[in-house]
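**Student:** Could you work out the structure for the sequence below:
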Amino acid sequence: MRVEAEAAEHAGESMDLRAAYHAYAGPMYWYALSLLGRAEEAEDVVHDVFVALLQRGKGGAIAQPRAYLLKAVRRQAVRARRRRGREVWYAEEARVSWVEVIGDHDRALDVDRAVRSLPEEQREVVTLKALAELTFREIGQVLGISENTASSRYRLALAKLRRDLGKE
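**Tutor:** Model prediction:
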């Protein structure tokens, strides 16, 4: 779901929350699901982000709405994980996103397992790159790291995924 041209076109203008929801809710959901592992929690996180924006009257000038919204999803997901405690759940729904990228359900299950085995910082970069289609610069903004660090984590993750999936 690439909307960079639209975002660039509207940079500095007020963000229409309805349009932002339609453009970004999908990547926001998949990112939340990758962090939380449960569809209900992921839906709640996306909902909470938009409710908070409405309540705060956000929608003002946001230069990169996609990165801004995904960063907000990350903050909400971290809060949700803290409330939940250390318990981690992974739902079948989390695999659906990889099916969309790969197109093969059985292979998506293998990719899902391999991605889950990555260290969290690499897993987040892979998810943001593959499912939310962010640039390394945007990933850096979401995660609060440099563009080079995002790129490095992605390269390390790909090398591990190739090994784990038998591509080397």
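
**Student:** Quickly find the element holding Gln122.
**Tutor:** helix 120-130 (DSSP states H and E).

**Student:** Next one: the residue most central in space within the chain from Asp106, what distance?
**Tutor:** Among the residues of the chain, Tyr31 comes closest to the average C-alpha position under Cα atoms, centre = their mean, at 2.8 Å. As judged by Cβ to Cβ, to the nearest Å, Tyr31 and Asp106 stand 24 Å apart. C-beta here means a position set from N, CA and C on the backbone, and glycine is covered the same way.

**Student:** give me every residue that touches Ala72.
**Tutor:** Listed by Cβ atoms under 8 Å, 6 or more residues apart in numbering, the contact set of Ala72 reads 49, 52-53.

**Student:** Okay, now the unreliable bits of this structure?
**Tutor:** For the chain, applying pLDDT under 70 flags the ranges 1-15, 58-62, 85-101, 167-168.

**Student:** show me where it has strands.
**Tutor:** In the chain, no strands are defined using DSSP state E.

**Student:** so where do the helices sit in it?
**Tutor:** With DSSP state H as the criterion, the chain has helices at 4-9, 17-36, 39-56, 65-84, 93-102, 105-116, 120-130, 136-143, 147-164.

**Student:** Pull out the buried residues from the fourth one.
**Tutor:** By neighbour count, with 16 or more other Cβ atoms under 10 Å as the criterion, the buried positions of helix 65-84 are 65-74, 76-77, 80-81.

**Student:** what angle do that helix and helix 120-130 make?
**Tutor:** Orientation check (axes from the mean of the first three to the mean of the last three Cα atoms, to 10 degrees): helix 65-84 against helix 120-130 gives 140 degrees.
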